[in-house]
Structure formats: structure tokens, C-alpha cells
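> what follows is a protein structure lacking sequence information:
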């Protein structure tokens, strides 16, 4: 069967070059006679893989020496607990911006390990906007300010970086990491599940400012203690070895394209194609305010659930798959992460024009 254009929100498609190279090396990596997924994480061969990937990530994201990069497990969800466990000691509360499903999950989890204050919430707008900085305040005594940069489910994106003065800025970048340049030095913690822009599910990247490590709550498990993981080179437990290896291949692919600056240009072009079509249409209805729209997850609907379902069904027959919106929202969601080629977005746009011709009023 030919390859489809996979618009899944995650796990998502990987670059074909990465798939092919990993297939070529699957049974015999670097003349070792074994796969990376079979070798000891303490072996010289794997440690060389780890060190190369670690260096590549630092280079691609321009991570300063003030910050550590960790390769962990448990997804972004485990970080909802790890963050307060590592940062809450000595503080009464932390601030949370609730702009969607996952930022709310982070807030609920954070309440278990100390005070958690809702600095802002866009629930009343059905999470369709990102408010201006002037519409909320940050508690200057907060342990940190947490927000989710890109809302995978609803399809919104922060168009600016929140100003928090001396309060550490903590950001869930699971669905936007590596999609555009980021000034890592401005953040206390950046964390992301790998399964959208970095590789397969199973790996979680955590970038943490070094001065925020070493003050974990006393009951923090060692696998969740950033200082312990940093000292152990992310190997307090057996790390997700194959996920780390595949991240390295993705970073090679990204660097060959020109890095995050080049991929941002391509991502903006892909998103513009879809949003321009939606805005000019009489059938498709955008879900998110124009100034808060995601580059990664384009959400819209056709006015009724039956027509949404027919759209998804017919699209799949054209090799355009995983376009159904999240069960919490319905509608349509086209996730166009880094690995989605512009040809896939053009194919979707062509289908959307034909579908509107047949079903539009």
C-alpha cells in the first residue's frame, strides 16, 4: 500500500528519510551486528549515540550552558507532577495559564504537590483565544508560571512569550518544539513529548535551567529528580534508547533542511495554505481566533457532525487520514507537524475544494 498523508495529532508521521535510514540500520547498526534497541544503554556504542544526539539537540535548539537537556520517559503527563516536585520547595504556590485540555491537566496535577493558582483561563471562550499579556497578572512569589505553547486539541498557539519577570517560565512545548526558533535562555523549563516533532512516543525531552535543579521535594522519586537525572546522564533508569537514536535521525533531517529557521518558514507556508482556504470558504468554519491560531494543529468544522464525518470518510479514501477532531471537540483537525510535506497540505486543500463544490451551499 502506498504511503498516506497522516494528519494525526500524535503519534504523528516521521520524515521518510528517517524511516528509511532506521530501517537500513534496524538489524545492524554501525557494523555491530545488532539493533540500537538491542544494545546495552551502558555500552560504548550506545553512549556514543547518546552523546551525539545530546550535542545535536543543544546545537539545533541553541541551548545555552545555563541549561541542561534530559532524555526521560513518562510523556509530558509525568512532567505535570515532576515540575512541582522539583520547583515547589520553599514556595506556597505556582501560577498556571489554562488555555486548553493539557494545561488544565497540568494545573490539576500541580495542586497535589503545593498551591496552584489559576493566573488566567480561557475556558469561557471554549479555548478559542490566547489573551493579551495585559489581561492577567503573575504572582511575583510564585514558584513558576506554567503555560502550554501550542494547544494540540483546540488548535490555538501563544503568539508571544509571557513576561514573568523573576518567576521561572515553564512551558509545555510537546506539539511545537523544533517547529520554530525559541530563546531557551528565557525559560526555566521547556518540556515535550517526542511523538509530534521529535520522533516516536516513549521519549520526553526536558530542558531545565541548572540553577533550578537540586531542590526537589524530599519524596520526589529519583527518576523524576532533575538533579539526579542530570548527574546520571538521563540514566537513573534505563532510558528510551531507540527513541533517543531516532531523535538523532530527526535532528539530522532537520539540520539538512536548514534547521528550525528553515522549518518555521515551511510550517508558516503550510498553515497559510489551509487557513486562507478556510477563511475564503462558505463551508469550512475556523475554530480559533485569527491571532491565536496554531501552525501545527489546524482545527475547523463544516457545520454539522454528519458532514464532518463524511468529510473524514472521503478524505481517507484519498489517502488523507486521521483528520477527525479530538473526541472532546469534534470537527476536523489537520495536524501539520514538521514531517508533513507541503505536498500533503496541497493535496488536502485540493480535496477540500472538491468537497465544498459537492457539498457546499
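Now that the structure is in, tell me what you want to look at. Quick caveat: nothing in here was measured; it's all calculated off a predicted structure. Residues are numbered from 1 along each chain as shown.
> the stretch 51-200 of the chain: strands as residue ranges?
Taking DSSP state E, counting those that start in this stretch to define them, one finds strands in the stretch 51-200 of the chain at 67-72, 93-98, 115-121, 145-148, 150-151, 156-157, 169-172, 189-193.
> go through the ones you listed and name the closest to residue 234.
strand 67-72 (4.3 Å; Cβ to Cβ). For the C-beta atoms, the positions are set from N, CA and C on the backbone; glycine is no exception.
> and the closest one, what does it pack onto?
Where contact means 3 or more Cβ pairs under 8 Å, 6 or more residues apart in numbering; DSSP states H and E, strand 67-72 is packed against helix 44-61, strand 204-209, helix 226-231, helix 241-257.
> now with 7 Å, please.
helix 44-61, strand 204-209, helix 226-231 (3 or more Cβ pairs under 7 Å, 6 or more residues apart in numbering; DSSP states H and E).
> rewinding a little: the strands of the stretch 51-200 of the chain: which one's closest to residue 26?
strand 67-72 (20.6 Å).
> pull up the pairing partners for the closest one, direction included.
Sheet pairing of strand 67-72 (DSSP bridges) gives strand 204-209 (antiparallel).
> relative to the whole chain's centre, how far out is the strand it pairs with?
13 Å (Cα atoms, centre = their mean, to the nearest Å).
> okay, now the unreliable bits of the stretch 251-361 of the chain?
361 (pLDDT under 70).
> which stretches of it form strands?
Under DSSP E, counting those that start in this stretch, the stretch 251-361 of the chain gives strands at 285-286, 297-301, 320-321, 332-335.
> given the longest one, what are its sheet partners and their directions?
Read it as strand 297-301. Applying DSSP bridges to the sheet, strand 297-301 is found paired with strand 285-286 (antiparallel), strand 332-335 (antiparallel).
> how about the ones you listed in a markdown table, adding distance to residue 99?
Converted to a markdown table, those look like this (distance: least, Cβ to Cβ, whole Å):
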| stretch | distance to residue 99 |
| --- | --- |
| strand 285-286 | 17 |
| strand 332-335 | 17 |
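> for residue 3, find the nearest of those strands.
Across those, residue 3 has its closest neighbour in strand 332-335 (16.4 Å, Cβ to Cβ).
> what does that closest one contact?
Residues outside strand 332-335 that contact it (Cβ atoms under 7 Å, 6 or more residues apart in numbering): 7-9, 12, 155, 274, 296-301, 308, 311, 323, 325-326, 348.
> hmm, residue 11 is touching residue 202, no?
No - counting by Cβ atoms under 7 Å, residue 11 sits too far from residue 202 to count as a contact (9.4 Å).
> looking at those two, which is more packed in?
Comparing residue 11 with residue 202 by other Cβ atoms under 10 Å, the one with more neighbours is residue 202, at 19 against 15.
> quick check: the more buried one touching residue 243?
Yes - if you go by Cβ under 7 Å, residue 202 and residue 243 touch, sitting 4.6 Å apart.
> highest mean neighbour count out of the strands paired with strand 297-301?
Ranked by mean neighbour count, the strands paired with strand 297-301 are led by strand 332-335 with a mean of 26 (mean count of other Cβ atoms under 10 Å).
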